[in-house]
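Novice: here you go, sequence then predicted model.
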Amino acid sequence: MNTTLFRRSISPFPLVLVAALAAMVSALAALPRGAEAARNLEIALQDDTVFLGQRYIDRKRAFRHARALGVTRLRVNANWAYSMPKAQSKARRKPQQVPWTFAGLDSVVDAAAENGIRVHLSVTGPAPVWASGNRKISGWRPNTSYFGEFASALAAHFKGRVDRYSIWNEPNWRTWLGPLKNGPALYRSLYQRGYAAIKKADPAAKVLIGETSPYARPGFSTAPIAFLRSLACVNKRWKRVRRCPVLKADGYAHHPYDLQHAPNYRYPGADNATMGTLSNLTRAIDRIARTGALRFNGGGRMPLYLTEFGYLQDGHRSLPSKQRSRYLAQAFGMALKNGRVKSQLHYLLVSPPKNAPGAFFNTALMRRTGAKYPQYRALQRWYQRNRGRLKRPGAAIALPPVGAG
C-alpha cells in the first residue's frame, strides 16, 4: 500500500478512512496463511450404504443430518461391475451391448439436489469378470479400453446432472487396483481413458485425478507421492525419464487419513501425505507440473479435494471419544486454513452393523438409532463457528431430467 497518498490529506474524513483501512489490513494479516482463499471451502460427505443403498436410516433424515453439518457435496462410488445386471457382470465374454443400470445413482442425484447438495461420482472398480485380468469381479488388471466405455456411458447419462467426477478409488492400494507394481501404469491408462470419455460426453464436467490413499504399507499400498512420480514418468530427481502422455485434471483428490494421531502430526516418510503432511503432496504436484507432465485445466497450481477422512469409532485402532472429536474439528480447521484445499469430506455418517462387510472401518458420526456420537456434535459446532467462511447448503437445485443432456 502506498501510504504517501494519505499523508497529503489534512481533512478528518480521510483520516477515518485510513484508520478503517489499517484495521482491515491488520485483520487480514491475522488470518492464517491461505485462509482467504479457502473461505468457500466445501464440506462433503460419503456414505453409500445410507444415501445410495437407503439402508440403516431413512434417507430424508440422513440428508437433514448432512445439511446440519454444512454438507454441500455428496461423494458416491459409481462401481463399474455393479452398474449392470449381475448376469452381465459375471459373464465370461463382454456382452455385445451392456445394459447399464444407473437407476440407483439417478435416485441419489435427485434426492441430493432436492436438499441443495451436488453429487461427485467416483468412477471406479471393481471391473466385471469379462474386463478383469483374473476373470473375477476385481480390480486386477482391468481392461482400460472397456473402462473408457463405462465412463463414456456414465457421463453421457448424467450430463447436466453431475458436474464432478474422479477416476478410480485408491489406485495405489492393491485390492482396488492390482498388481501393486503395475498400479501406476494401469492407472495412467484408466485415467486417460476415463478423462477423455467424460470430457467428450460432458465438456463442462470436472474430472479429478488421484483418489490416493495416504501412506505406504508394504504389500498393501504404494506411497502416494512415489505412485504419482511413476504415474507421471518422473524420477526421484523430478526429471521426466520417458515420454508419457501429459495428464490433465481439474484437481487432485486424496485421502489424508492418519487414524491414530492428531491431524497436525508429521507422519514420517517424504512420499507419504496425511493431513499433517499435505505439503509433501502439494510440493510433489507442483514439481511434476513444472516438468509439463501434469497440468491443471484452470491454470496455476492444482487444487486439492480431500475426498475421504475420519477417525475410527471402534476397533483396536480407535481413539478415545473426546480425542476423536477434538482431532476431527482440528482437521477440518486445517483444511479451511489451507488455500489449496477446495473440499473436505467426512467418510461415513452411520455406523454399520458389526457383521457388515465394511464394519472394520467404521468412521461414522452417528448410530443407526439416530443417536449422535460426540464427533458429530464437535463437527456441527465447528461448522456453526465457521459457517461464514464455508459454502452452505441452499435451496433445492433444479436438474434436467434423465436423458435431457
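Specialist: Right, received. Where do you want to start? Numbering: from 1, shown residues only.
Novice: which ones are touching V71?
Specialist: Applying CB atoms under 8 Å, 6 or more residues apart in numbering to V71 gives the contacts I43, A44, L45, I117, P393. Every residue, glycine included, has its C-beta placed from N, CA and C.
Novice: residue contacts, G394?
Specialist: T72, G116.
Novice: how near is N272 to N235?
Specialist: 19 Å (CB to CB, to the nearest Å).
Novice: between those two, which has more neighbouring residues?
Specialist: Taking other CB atoms under 10 Å, N272 and N235 do not tie; N272 has more neighbours (20 against 11).
Novice: residue ranges with poor pLDDT in the chain?
Specialist: 1-39 (pLDDT under 70).
Novice: how far out from the middle of the chain is stretch 210-222?
Specialist: Taking CA atoms, centre = their mean, to the nearest Å, one finds the center of stretch 210-222 at 16 Å from the center of the full chain.
Novice: brain fart, stretch 339-357
Specialist: With CA atoms, centre = their mean, you get 11 Å for stretch 339-357.
Novice: which segments of this protein make up each domain?
Specialist: 1-30, 37-389 (automatic domain parsing).
Novice: out of the ones you listed, deepest packed?
Specialist: domain 37-389 (a mean of 19; mean count of other CB atoms under 10 Å).
Novice: rewinding a little: which of the contacts of V71 fall within helices?
Specialist: Under the assignment DSSP state H, those contribute nothing to helices.
Novice: hey, where'd the strands end up in the protein?
Specialist: 42-46, 71-79, 118-124, 164-167, 206-212, 247-249, 252-254, 294-296, 304-306, 341-347 (DSSP state E).
Novice: of those strands, which is nearest K60?
Specialist: strand 71-79 (13.8 Å; CB to CB).
Novice: what's the angle from that closest one to strand 206-212?
Specialist: Strand 71-79 and strand 206-212 meet at an angle of 70 degrees, taking axes from the mean of the first three to the mean of the last three CA atoms, to 10 degrees as the criterion.
Novice: partner strands of strand 71-79, with direction?
Specialist: Using DSSP bridges, the strands paired with strand 71-79 in its sheet are strand 42-46 (parallel), strand 118-124 (parallel).
Novice: in JSON lines, list those strands along with distance to P401.
Specialist: Shown next, in JSON lines, are the strands paired with strand 71-79 (distance: least, CB to CB, whole Å):
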{"stretch": "strand 42-46", "distance to P401": "25"}
{"stretch": "strand 118-124", "distance to P401": "16"}
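Novice: closest one to A204 among those?
Specialist: So among those, strand 118-124 is nearest, using CB to CB, at 13.1 Å.
Novice: Y257: which of the strands paired with strand 71-79 is closest?
Specialist: strand 42-46 (13.2 Å).
Novice: now find how far off-centre the closest one is within its chain.
Specialist: 8 Å.
Novice: quick one: that strand to strand 341-347, angle?
Specialist: 30 degrees.
Novice: how about strand 42-46 as CSV, C-alpha atoms only?
Specialist: C-alpha atoms of strand 42-46 as CSV (Å, rounded to 0.1, in the frame of the first residue of the first chain):
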residue,chain,number,x,y,z
GLU,A,42,-16.8,-27.2,0.5
ILE,A,43,-17.9,-29.7,3.2
ALA,A,44,-18.6,-33.1,1.7
LEU,A,45,-19.8,-36.5,3.0
GLN,A,46,-19.9,-40.1,1.8
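Novice: contact partners of that strand?
Specialist: By CB under 8 Å, 6+ apart, strand 42-46 touches 66, 69-76, 120, 307-308, 332, 342-349, 383, 390-391.
Novice: for stretch 363-372, same thing?
Specialist: With CB under 8 Å, 6+ apart as the criterion, stretch 363-372 contacts 47, 56-57, 61, 65, 69, 310-313, 346-353, 373, 375-376, 379.
Novice: let's see 6 Å
Specialist: Y56, G310, L312, Q313, Y347, L348, L349, V350, S351, Y373, Q375, Y376 (CB atoms under 6 Å, 6 or more residues apart in numbering).
Novice: beta partners of the fifth one?
Specialist: Following DSSP bridges, Y347 is listed with bridge partners Q46.
Novice: measure it to N169 for me?
Specialist: In terms of CB to CB, Y347 sits 11 Å off from N169.
Novice: chain neighbours aside, what residue packs nearest to the residue nearest to the spatial centre of the chain?
Specialist: Nearest to the mean C-alpha position of the chain, by CA atoms, centre = their mean, lies T307 at 2.2 Å. With CB to CB, 6 or more residues apart in numbering as the criterion, T307 has its nearest non-adjacent residue at 4.5 Å, and that residue is A253.
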